[in-house]
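In: Got a sequence here, can you model it:
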Amino acid sequence: MLSQSLTLGYISLKALHLFGAILWFGGIITVAFAAVAFAKASEAGAIATLRNSARLAPTLGLIANWLGGLSIFILNIDVWRSQGWVHAKILLVFIAAGLTGALTADLKKIDEGKREANPTKLQIFGGALVLLLILTLYLAAFKPFVRG
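Out: This next block holds a predicted model:
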């Protein structure tokens, strides 16, 4: 009975982790590329709407992703601490979190009129987040660098 509840708990944490990743990356990548479109069209007020969108779903997804992922890591620390792919994945997720923060800070400055929208910069944010997502999924699916 105990192992069954542990399995259910593990599966629940994994579901939380995956749900968070989908919500976070899907939300922030959508915001980045929508900001590019609005910046090119010079839509007044659109950046404020995108900024609010970036604060809601992607932030909740980021929190859920971290809670689920760190819980799974801690529960299996003896196994994961020697797996190079896990360390690489965590590094990529830290970079993605930093880019998420940089993008939302940039949208805030644009919204407050402190900076003009730069479609190229916004496109780079979106492209970098897509690349980080692809690399993270690759590491999770194929688990390269596994020792032993």
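
In: Find the residue ranges of the chain scoring beneath the pLDDT cut-off.
Out: 1-6, 43-44, 147-148 (pLDDT under 70).

In: Just give me the longest helix of it.
Out: Longest helix in the chain, counting residues (DSSP state H): helix 2-41.

In: In terms of secondary structure, what does it contact?
Out: Packing contacts for helix 2-41, counted by 3 or more Cβ pairs under 8 Å, 6 or more residues apart in numbering; DSSP states H and E, involve helix 46-75, helix 84-111, helix 119-142. Using the backbone N, CA and C atoms, a C-beta is placed for each residue, glycine as well.

In: what's next to the last one, contact-wise?
Out: Contacting residues not belonging to helix 119-142 are listed as 21, 25, 28-29, 32-33, 35-36, 39-40, 85-86, 88-89, 92-93, 95-96, 99-100, 102-103, 106 [Cβ atoms under 8 Å, 6 or more residues apart in numbering].

In: Relative to residue 15, which of the helices and strands packed on helix 2-41 is closest?
Out: Closest to residue 15 of the helices and strands packed on helix 2-41 is helix 46-75 (Cβ to Cβ; 7.5 Å).

In: Just want the phi and psi numbers for residue 76.
Out: The phi and psi torsions at residue 76 (degrees, to the nearest 10) take the values phi -120, psi 30.

In: Count the neighbours of it for me.
Out: The burial count assigned to residue 76 is 13, neighbours taken as other Cβ atoms under 10 Å.

In: What of the one 4 residues further on?
Out: Residue 80 is flanked by 16 other residues according to other Cβ under 10 Å.

In: now the closest residue to it other than its chain neighbours: how far from residue 34?
Out: Distances taken as Cβ to Cβ, 6 or more residues apart in numbering put residue 86 closest to residue 80, at 4.7 Å, once the chain neighbours are dropped. Using Cβ to Cβ, to the nearest Å, residue 86 is found at 33 Å from residue 34.

In: Tell me how far the residue nearest to residue 65 when sequence neighbours are not counted lies from residue 72.
Out: Nearest non-adjacent residue to residue 65, counting by Cβ to Cβ, 6+ apart: residue 20, 3.1 Å away. The gap separating residue 20 from residue 72 is 12 Å, by Cβ to Cβ.

In: List the contacts of the closest residue to residue 18 other than its chain neighbours.
Out: Nearest in space to residue 18, with sequence neighbours left out and distances taken as Cβ to Cβ, 6+ apart, is residue 68 at 7.5 Å. Residue 68 makes contact with 13, 14, 15, 16, 17, 18, 19, 20, according to Cβ under 8 Å, 6+ apart.

In: Alright, I will stop here.
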